[in-house]
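Undergrad: I'd like to go over a predicted model; first the sequence, then the structure.
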Amino acid sequence: KNPHNKILFISLTGFWFNKLRMDIFLIVIGTICLLVGFAGCFLPVLPGPPLSYLGLLLLHFTDKVQFTVTQLAVWGVLVVVVQLLDYITPVLGSKYGGGSKWGSWGCVIGTIAGIFIFPPWGILFGPFAGAVIGELLGGKKSFEAFKAGIGAFAGFLLSVVAKISLCGYFVYCFIKALIV
């Protein structure tokens, strides 16, 4: 018997075993990224869609699943768009709720302040409170200021729905890729 064949078999077995362990590791970490990313749709301190996208990328690097470059690129663009909408929609909601520049700037400042001063609930109430306070400082009456705050809150809810939809789709793609 040739002793080199045994060494080659052991080397190939070790490579296969290590590759399998790496695939399992990437799938587990990808799953964690997807779950934490989904939670990030509700918790402002976590960037939900980027974490979920990272979970899909980790799955892509296994032997189990290969997504196309087009899929990965389109998903990456969707993540960027949803992240931008997350910051823009409360301001637009304030504006469409009858708010002025005071309300829009108040909404932006309230969002930022809410993240750092009152986490995690500050992201929920920060845009509303900022828009109302901004409008009051700008000389609007309380009903008009409240209306602008409601618009900011509606914009915030729209961004949450967009994040949940995208992250939910990523979870679906992840599970479908593992099952099929």
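TA: Nice, thanks for sending it over. Here the structure is a predicted model, which means the values were calculated and not measured. Numbers count the residues shown, from 1 in each chain.

Undergrad: and C41, what are its phi and psi?
TA: phi -70, psi -30 (degrees, to the nearest 10).

Undergrad: Count the neighbours of it for me.
TA: 24 (other Cβ atoms under 10 Å). Placement of C-beta: from N, CA and C, glycine included.

Undergrad: try M22
TA: Neighbour tally, M22, other Cβ under 10 Å: 13.

Undergrad: Can you list the low-confidence ranges for the protein?
TA: 1-17, 44 (pLDDT under 70).

Undergrad: Show me where it has its strands.
TA: Here the chain has no strands by DSSP state E.

Undergrad: Run a quick neighbour tally on the nearest residue to G97 once chain neighbours are set aside.
TA: Here the nearest residue to G97 in space, its sequence neighbours aside, is G151; by Cβ to Cβ, 6 or more residues apart in numbering that works out to 2.0 Å. Using other Cβ under 10 Å, the number of residues around G151 comes to 25.

Undergrad: I'd guessed G151 sits against V91; true?
TA: No. G151 is beyond contact range of V91, at 9.5 Å (criterion: Cβ atoms under 8 Å).

Undergrad: got the phi/psi numbers for D63?
TA: phi -80, psi -10.

Undergrad: any idea how far it is from V36?
TA: 24 Å (Cβ to Cβ, to the nearest Å).

Undergrad: Looking at the two, which one has more neighbours?
TA: Comparing D63 with V36 by neighbour count (other Cβ under 10 Å), the higher total belongs to V36, at 17 against 10.

Undergrad: which residues sit in contact with that one?
TA: 46, 51 (Cβ atoms under 8 Å, 6 or more residues apart in numbering).

Undergrad: Perfect, that will be all.
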